[in-house]
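Asks: Sharing a model that was predicted from the sequence below.
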Number of protein chains: 4
Amino acid sequence: MEKTVIKYKKGLKLNKPVLIVGLPGIGNVGKLVAEHLIKELKAERIATVYSPHFPHEVFMMKNGCIRMVSNRFYLIRRKGKQDIVVLTGDAQAVTPEGQYEVNHKLVRFFKEKLNGSFIYTIGGYNVSGSVVATPRVFGNATSKDTIKKFEKDNVLFGKAHTVIIGAAGLMLSFAKMEGMEGVCLMGESTFFDMDPAAAKAVLEMLTKRLGIKIDTTNMDAMIKKTAKALKELEKQLSGTMQLPVPGEGDNLKPSYIR
Amino acid sequence: MEKTVIKYKKGLKLNKPVLIVGLPGIGNVGKLVAEHLIKELKAERIATVYSPHFPHEVFMMKNGCIRMVSNRFYLIRRKGKQDIVVLTGDAQAVTPEGQYEVNHKLVRFFKEKLNGSFIYTIGGYNVSGSVVATPRVFGNATSKDTIKKFEKDNVLFGKAHTVIIGAAGLMLSFAKMEGMEGVCLMGESTFFDMDPAAAKAVLEMLTKRLGIKIDTTNMDAMIKKTAKALKELEKQLSGTMQLPVPGEGDNLKPSYIR
Amino acid sequence: MEKTVIKYKKGLKLNKPVLIVGLPGIGNVGKLVAEHLIKELKAERIATVYSPHFPHEVFMMKNGCIRMVSNRFYLIRRKGKQDIVVLTGDAQAVTPEGQYEVNHKLVRFFKEKLNGSFIYTIGGYNVSGSVVATPRVFGNATSKDTIKKFEKDNVLFGKAHTVIIGAAGLMLSFAKMEGMEGVCLMGESTFFDMDPAAAKAVLEMLTKRLGIKIDTTNMDAMIKKTAKALKELEKQLSGTMQLPVPGEGDNLKPSYIR
Amino acid sequence: MEKTVIKYKKGLKLNKPVLIVGLPGIGNVGKLVAEHLIKELKAERIATVYSPHFPHEVFMMKNGCIRMVSNRFYLIRRKGKQDIVVLTGDAQAVTPEGQYEVNHKLVRFFKEKLNGSFIYTIGGYNVSGSVVATPRVFGNATSKDTIKKFEKDNVLFGKAHTVIIGAAGLMLSFAKMEGMEGVCLMGESTFFDMDPAAAKAVLEMLTKRLGIKIDTTNMDAMIKKTAKALKELEKQLSGTMQLPVPGEGDNLKPSYIR
């Protein structure tokens, strides 16, 4: 395997689908959102992506079988509304060259084979060093016209000034290059490994916008668990160092996101 | 040389061969098993693999000649039974991209040129930090049907939950992709560089299953030597630290294997 | 995207243009010169370069939109004189292989699509560890004939003996390979991240040579600001260490440039 | 430039040339030998090799011009005898993949365009940590037949058992693959950066074998200079540590060579 391969269900006819991309990254915000949507809305897997640019390993599954590292497209059909396609997976490409090859291919697949029209990419945005009480949602879009469409949504455009590393950024740029529009929604994130609160902030914004009703019980449970773990950590650290608690007027010192 | 090259004996007609893959990795378990089979069963070399993804070096041989880094296929013919092909070598590909290219090519060669039907990959599985008294054999397979076929063999499926890095995992995934079945057998391993006890555990399981009788005198000698070296080490360490001795009920904290 | 892509305005007819290359590097000397020329002379963008060899990230812009990492060609038309094309950008290729691919493609684009004839590449040259009072301009050219043409300009040829890393060097070598001539002009630089004084030294030399009149108010302001920051730094360091002040007769201990 | 390019003088008719490869490596033994031969025998350059696998830099030359990193073939014509071709250069490929691509191409060029028949590669061999009084010459060849031809030469075959990294090893393996023979001659080396004594040991062996008379005055001067520098170093170190002085019966603990 020398090139990225996409194996997909042939003959699917989709209704102007939007794509929601949630791959591993800061706080795993994107992946948490994508997995929640797939589980709660019983999405059907319609395509699997393998790539020589992914890590060279396979997963040992609980049933004793193996599974290659992959990205996966899932379909949520909606009567009389645009269909929703969700992309998630185990990893992103490990080299810059791989990132360009894989992300362009993913975007072209969505456009050419799924008849796609709009891409949402989800990421985390980390205001370095600070614990976030109520995570905000930052946004960057392919055009000013697209930004306007989010006027009524509570998304902060133009407030973060750094770079978006990896799929969340590149897929949007490739969307634009291929004549589509899109937006990157970033949940303000505290934790680098898993931040369900940031994920919920994006999820609420997104589902409202797409007119989806979704149960967030599972995600709420994760948030409680994470908050509890943080308090434990704070106790252990008290006396040695203090985690800062930022307010609204904070200077947004940016850091990398994916 | 820009692509992996396989030089092979033309015109071979094999009887539904199974492939046993033993390449360098954790405890060199796979390589020890492969080399033992080749030596004891006087296997014939039928193919040599060179690749730009292997390390860029050649070996200085004892006879004063040189030998390029390679992987090699060996044949063990059996009357009235499936033939056995063994794959071993000096190295695995050094990059993720190389791993995908080389391992896919090896699997397709086995299928298309050798008429292959089933792949065993051998590796080591290291329960981190612990010395293993009686190494167990862990397994992961391409399908539940294949797992069932190992019911009577003493293989632990679904007990290890991490990733298989490199050839032992990828070749199995590519086997599945190409319509073949296979299993990865992992000897529970203590040492990272050379673990003949783990190798013997896999060898016994494998030879029983394939209906092979094999002399293990040489491997037993290696095991004794290694055990003695370990005792020496323990003596030197006593007073400073203790190597843990795990029992049956241990929590299997997994670590990487190849 | 697996190869470097250049999107350009079709049908442009240029008058024997010279190319001025100012990409990120030591002291950002090249980029500062290029951006100053583009701004002050109101250059028009005529081509955009994307490449899988650039970093895999996109910029979050102030207007809330995104922009892919790119290099860009700008045009300055001059009546009755050779046109000027300026190349600048966000990054250089991140691997050696990428550097060779991208830089060769840039040179061939300039020659074949823009009808180009001569290339100036701009860089910084750092005499390690020393603060430069009056930055000199060092030069290296594609041929002795080209060096002769700079006799009346105050450029030091053959006084620096190290290597030019990246685009500033490779584009010149590729120019020569493609039958064009060129010169690399390096401003003597103190700071690694941003050295407007070194940039001004090159800019003055270059504009005089090309017969351009240009306002340097903005650059002068940057120089003052940088000098002030340096004095602050010296104060803080006084008592602990001294920054050396080199004179004319200094031994030119060379260091890397881009 | 995406592939290695060899620019060469067309129409050359050589008399069964042998190739002597001396590229940068341990002690720069190969490069010292090659450069000495080229200078003393007034060899003519007949081909230049550029590659995206070489470092992405150009040299600033003393005359103010630039020169791309390259490898170069030189020709020494001999009446009534086999011609000699010498290959040297500024660098070897920087990645494993690059090493395989470049070295195979160099070997095929020698065979197909220069009508070549035999390859000598020169390297350094470092018995780690020890200062060598009288450097020996170690050898590895493409076949036992070739080893036999060196019976009367004072070359130690089969006494070193490690790997030859890079061109000195790979070019020999590719020679064999392309139906040619060859030998790697390694001067026993003390210094990692520049070891003229090891180079002279190989040079004497090689010139005797090829029936060449050569002035070694320059190399002798380098040896004296290096020996003096070593003594200085020893003085400075005395009291703190001792450099070992190995004898004939030393255990040859091998280390990497190029």
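Replies: Looks like it came in fine.

Asks: I'd say residue A:111 and residue A:177 touch.
Replies: No - taking contacts as C-beta atoms under 8 Å, residue A:111 lies outside contact range of residue A:177: 10.5 Å. In short, each C-beta sits where N, CA and C put it, glycine included.

Asks: now the strands: where do they sit in the stretch 151-258 of chain A?
Replies: Here the stretch 151-258 of chain A has its strands, by DSSP state E, counting those that start in this stretch, at A:156-157, A:163-165, A:181-188.

Asks: cool, and the stretch 1-150 of chain A?
Replies: A:5-8, A:18-21, A:44-50, A:57-60, A:66-68, A:71-76, A:84-89, A:118-125, A:137-141.

Asks: To chain D, which of these lies closest?
Replies: Evaluated over the strands of the stretch 1-150 of chain A, closeness to chain D peaks at strand A:57-60, with 20.1 Å, by C-beta to the nearest C-beta.

Asks: how close does residue A:101 get to chain C?
Replies: According to C-beta to the nearest C-beta, to the nearest Å, residue A:101 stands 5 Å off from chain C.

Asks: mind listing what that residue touches?
Replies: By C-beta atoms under 8 Å, 6 or more residues apart in numbering or on different chains, the contact set of residue A:101 is A:3, A:4, A:51, A:53, A:93, C:1, C:2, C:52.

Asks: Quick one, which of those residues are buried?
Replies: By neighbour count, with 16 or more other C-beta atoms under 10 Å in any protein chain shown, the contacts of residue A:101 hold A:4, A:51, A:53, A:93, C:1, C:52 as buried.

Asks: you'd agree the first one is up against residue A:50?
Replies: Same thing as residue A:4. Yes - assessed by C-beta under 8 Å, residue A:4 is found in contact with residue A:50 at 7.1 Å.

Asks: Run through chain A and note the low-pLDDT ranges.
Replies: A:128-130, A:191-192, A:239-258 (pLDDT under 70).

Asks: Kindly recompute the last result at 50.
Replies: A:242-258 (pLDDT under 50).

Asks: mind listing the helices for it?
Replies: Per DSSP state H, chain A carries helices over the ranges A:29-40, A:96-112, A:144-149, A:167-177, A:196-210, A:217-237.

Asks: The residue nearest to residue A:142 when sequence neighbours are not counted: how many residues sit nearby?
Replies: The spatially closest residue to residue A:142, leaving aside those adjacent along the chain, is residue A:176, at 4.4 Å (C-beta to C-beta, 6 or more residues apart in numbering or on different chains). The number of residues packed around residue A:176, counting by other C-beta atoms under 10 Å in any protein chain shown, is 22.

Asks: before we move on, what about the one 10 residues further on?
Replies: Counted with other C-beta under 10 Å, the burial measure for residue A:186 works out to 33 neighbours.

Asks: For it, name its beta-bridge partners.
Replies: residue A:123, residue A:138 (DSSP bridges).

Asks: I am assuming it contacts residue A:138, so please confirm or correct that.
Replies: Yes - if you go by C-beta under 8 Å, residue A:186 and residue A:138 touch, sitting 4.4 Å apart.

Asks: where do the contact lists of those two overlap?
Replies: Joint contacts of residue A:186 and residue A:138 (C-beta under 8 Å, 6+ apart) are A:125, A:160.

Asks: Now do the contacts for the residue nearest to residue A:142.
Replies: Going by C-beta under 8 Å, 6+ apart, residue A:176 touches A:142, A:143, A:182, C:66.

Asks: how about a cut-off of 10 Å?
Replies: By C-beta atoms under 10 Å, 6 or more residues apart in numbering or on different chains, residue A:176 lies in contact with A:107, A:119, A:141, A:142, A:143, A:146, A:182, C:58, C:65, C:66, C:67, C:68.

Asks: and what of residue A:223?
Replies: Applying C-beta under 10 Å, 6+ apart, the residues contacting residue A:223 are A:195, A:196, A:197, A:198, A:199, A:200, A:216.

Asks: near chain B, from the contacts of residue A:101?
Replies: Among the contacts of residue A:101, the residues that sit close to chain B (C-beta under 10 Å from any C-beta of the partner chain) are A:3, A:51, A:53, A:93.

Asks: Just list whatever residues bridge to the closest residue to residue A:164 other than its chain neighbours.
Replies: Nearest residue to residue A:164, sequence neighbours excluded (C-beta to C-beta, 6+ apart): residue C:58, at 5.2 Å. Counting by DSSP bridges, residue C:58 is bridged to residue A:164, residue C:68.

Asks: Correct me if wrong: residue A:182 contacts residue A:111.
Replies: No - the criterion here is C-beta atoms under 10 Å, and residue A:182 misses it with residue A:111 at 11.2 Å.

Asks: For the two, indicate the residue with more neighbours.
Replies: Set residue A:182 next to residue A:111 and count neighbours by other C-beta under 10 Å: residue A:182 wins out with 26 against 18.

Asks: Give me the nearest residue to the more buried one, chain neighbours excluded.
Replies: Among residues not flanking residue A:182 along the chain, residue A:119 sits closest, at 3.6 Å (C-beta to C-beta, 6+ apart).

Asks: The one you found - how many residues pack around it?
Replies: Around residue A:119 there are 27 other residues, counting by other C-beta under 10 Å.

Asks: For residue C:58, see how far away it is.
Replies: Using C-beta to C-beta, to the nearest Å, residue A:119 is found at 13 Å from residue C:58.

Asks: Tell me the residues that contact both of these two, please.
Replies: Common neighbours of residue A:119 and residue C:58 (C-beta under 10 Å, 6+ apart) are A:171, A:172, A:174, A:176, A:184.

Asks: which residues sit in contact with the nearest residue to residue A:94 once chain neighbours are set aside?
Replies: Spatial nearest neighbour of residue A:94, chain neighbours left out: residue B:96 (5.7 Å); criterion: C-beta to C-beta, 6+ apart. Listed by C-beta under 10 Å, 6+ apart, the contact partners of residue B:96 are A:51-57, A:69, A:93-95, A:98, B:53, B:165-166, B:170.

Asks: cool, and residue A:150?
Replies: For residue A:150, the contact set (C-beta under 10 Å, 6+ apart) comprises A:137, A:139, A:141, A:156, A:157, A:183, A:185, A:205, A:209, C:64.

Asks: State the pair within those residues that is farthest apart.
Replies: Across the contacts of residue A:150, the longest distance by C-beta to C-beta is 16.5 Å; it joins A:209 and C:64.

Asks: The two: who's more crowded?
Replies: residue C:64 (22 against 17).

Asks: Phi first, then psi, for the more buried one.
Replies: Note on residue C:64: backbone dihedrals following degrees, to the nearest 10 are phi 90, psi 0.

Asks: Next up, the contacts around the closest residue to it other than its chain neighbours.
Replies: Once flanking residues are discounted, residue C:64 sits nearest to residue A:157: 3.1 Å by C-beta to C-beta, 6+ apart. Contacts for residue A:157 (C-beta under 10 Å, 6+ apart) come out as A:138-141, A:144, A:146-148, A:150-151, A:183, C:60-65.
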